[in-house]
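Novice: Here is my input, please return the structure:
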Amino acid sequence: MTTWEQAVDVVSGFLSDNAASDPMGIAVSGGSDSLALLLILKDWADGAGRSLHAVTVDHGLRPEAAEEAAFVAGLCADLTIDHTILRWDGPAPTGNISDQARQARYALMDAWAQDRGIDQIAVGHTADDQAETLLMRLGRGAGVDGLATMATRRRIGQTDFLRPMLTLRRDALQDLLKQRGQTWINDPTNDNPDYDRVRIRQAMPTLSDIGLSVDALTTTAANLAQARDALAHYAVQEAAKIVTQDAAGDILIDHDAWTHLSAEIARRLIQAGLHHVAGPGYPPRSKALQQLINHIHARTPMTLAGCIVQTDKTQIRITREPAAVPGPVPADHIWDTRWQMTGPVPDGAEIAALTEGGLKACPDWRDTGLKRTSLLSTPAIWLGDRLISAPIAGNLNGFQAKLLRTRKDFDAALRTH
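Specialist: Next comes the predicted model:
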């Protein structure tokens with residue numbers, strides 16, 4: 001039986017190897033898993049002399065969400081832990097609501113972390129989540145990466161999300177919370193059989209009777225994770241030989257060398273390129289990725305995951321899709337999760353994509369040696385509809401554009417996706 005001290009030791013041991021930064025962030029929904037992590041991290045932070053900052057995302061998808069966020073805020077106040085509530089003000093999601101909400105949640109937390117100088121955020125996924133994810137992905141015909149399920153750390157935007165409780169069971173954590181007299185929030189969607197994860201969770205007792213227990217499934221996931229890491233290692237080695245990045249942020253892959261790679265390594269380079277250029281988000285489904293690979297072999301262009309992928313006689317080029325970039329943001333903000341501008345910013349100026357209209361105001365853009373399509377999605381400073389600066393297109397006017405995702409980040413994407 002897991003004791004509180006054992007749980008703290010598990011998390012502390014993980015963080016001693018992985019938590020390199022101070023302060024540390026923690027995502028808290030109010031459910032049992034995240035509240036257990038909050039209390040464990042409080043003990044850890046007090047002992048280690050570390051600063052802890054909690055964040056709760058209110059998607060506004062359920063009327064109870066605001067009250068639940070307030071419950072977490074009250075608990076954090078009692079524990080003297082800094083706490084922030086983030087509210088999603090985006091359009092109402094359609095289609096795969098869970099996936100859209102997840103992506104919005106991580107994007108909001110990444111931006112929050114950057115504003116506060118936080119490099120790492122701990123999240124409360126458990127061994128039960130790992131087992132359920134394996135079964136869900138098995139039903140979708142996932143490959144090695146999917147069946148290896150959740151890694152202990154994942155980089156989204158500029159933030160590392162850490163999962164220090166993947167070896168701990170949910171029931172054990174709930175028992176520990178009860179012993180401490182700590183209540184938690186039960187999200188009604190966790191009992192809604194319309195969701196695949198809920199149906200799998202409800203089937204787990206029966207599956208355990210035939211040997212598919214949480215322990216067995218997490219062991220399988222761990223074995224597959226070792227295979228995933230080995231493949232990632234060799235993918236990074238091959239990338240060092242054939243992958244480069246240009247000043248517009250495009251990923252360039254030597255086509256002939258790529259065609260001689262094993263299919264699995266070749267696929268990983270393309271997938272990492274899409275993630276590197278487009279930023280946060282889950283990788284495309286295997287069917288869509290295979291369709292893209294077929295287009296590359298045929299040297300025909302295709303858009304996928306916010307990118308345009310084109311192949312000429314020598315190179316595969318992965319470019320940000322102009323139609324997929326975000327709208328304007330204040331000039332002192334990070335734009336499209338990867339660009340930062342510095343210079344004499346006029347009042348009211350914003351960063352937005354250069355676009356065709358802006359490119360016409362950059363007569364020297366050809367001197368940059370960059371592709372026209374690539375330049376359209378690079379950052380520019382606008383004051384209303386007047387172009388002030390487009391550094392990547394050669395129109396500096398006192399400004400500089402810094403690309404925040406470097407070639408090293410491409411290798412990091414290979415290791416984590």
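
Novice: Longest helix of the chain, counting residues only.
Specialist: The single longest helix within the chain, with elements called by DSSP state H, is helix 214-242.

Novice: Does anything pack onto that helix? Which helices or strands?
Specialist: Using 3 or more CB pairs under 8 Å, 6 or more residues apart in numbering; DSSP states H and E, the elements in contact with helix 214-242 are helix 127-139, helix 144-147, strand 251-254, helix 255-259, helix 263-278, helix 407-416. For the C-beta atoms, the positions are set from N, CA and C on the backbone; glycine is no exception.

Novice: From residue 181, how far off is the residue positioned nearest the centre of the chain?
Specialist: The residue lying closest to the centre of the chain (CA atoms, centre = their mean) is residue 156, at 2.9 Å. Between residue 156 and residue 181 the distance is 35 Å, computed by CB to CB, to the nearest Å.

Novice: cool, and residue 32?
Specialist: On the measure of CB to CB, residue 32 and residue 181 end up 14 Å apart.

Novice: neighbour count winner among the two?
Specialist: Taking neighbours as other CB atoms under 10 Å, residue 32 and residue 181 compare with residue 32 leading, 23 against 6.

Novice: isn't that one right up against residue 173?
Specialist: Yes: taking CB atoms under 8 Å as the definition, residue 32 is a contact partner of residue 173 at 6.1 Å.

Novice: remind me which residues of this structure are low pLDDT?
Specialist: The chain contains residues with pLDDT under 70 at 1, 61, 90-98, 280-282, 416-417.

Novice: Near residue 358, how many residues? Count them for me, please.
Specialist: Quick note: residue 358 (other CB under 10 Å) scores 25 neighbours.

Novice: neighbours of the residue nearest to residue 410 when sequence neighbours are not counted, just the number please.
Specialist: Excluding the flanking residues, the one nearest residue 410 by CB to CB, 6 or more residues apart in numbering is residue 276, at 4.7 Å. Counted with other CB under 10 Å, residues neighbouring residue 276 total 26.

Novice: Provide a list of residues in contact with residue 276.
Specialist: Shown in contact with residue 276 (CB atoms under 8 Å, 6 or more residues apart in numbering): 251, 318, 405, 409-410, 413.

Novice: is it true that residue 330 touches residue 347?
Specialist: No: if you go by CB under 8 Å, residue 330 and residue 347 don't touch, sitting 10.7 Å apart.

Novice: Have a look at those two and say which one is more surrounded.
Specialist: Neighbours per residue (other CB under 10 Å) separate residue 330 from residue 347, with residue 330 holding more: 11 against 6.

Novice: Not counting sequence-adjacent ones, nearest residue to that one?
Specialist: The nearest residue in space to residue 330 (CB to CB, 6+ apart) is residue 350, at 6.1 Å.

Novice: Next, give phi and psi for that neighbour.
Specialist: Torsion angles at residue 350 (phi, psi; degrees, to the nearest 10) stand at phi -140, psi 160.

Novice: Look up which residues are beta-bridged to it.
Specialist: Beta-bridge partners recorded for residue 350 (DSSP bridges): residue 330, residue 382.

Novice: Correct me if wrong: it contacts residue 326.
Specialist: No: counting by CB under 8 Å, residue 350 does not reach residue 326; the two are 11.2 Å apart.

Novice: Can you pick out the residue with more neighbours from these two?
Specialist: Set residue 350 next to residue 326 and count neighbours by other CB under 10 Å: residue 350 wins out with 19 against 12.
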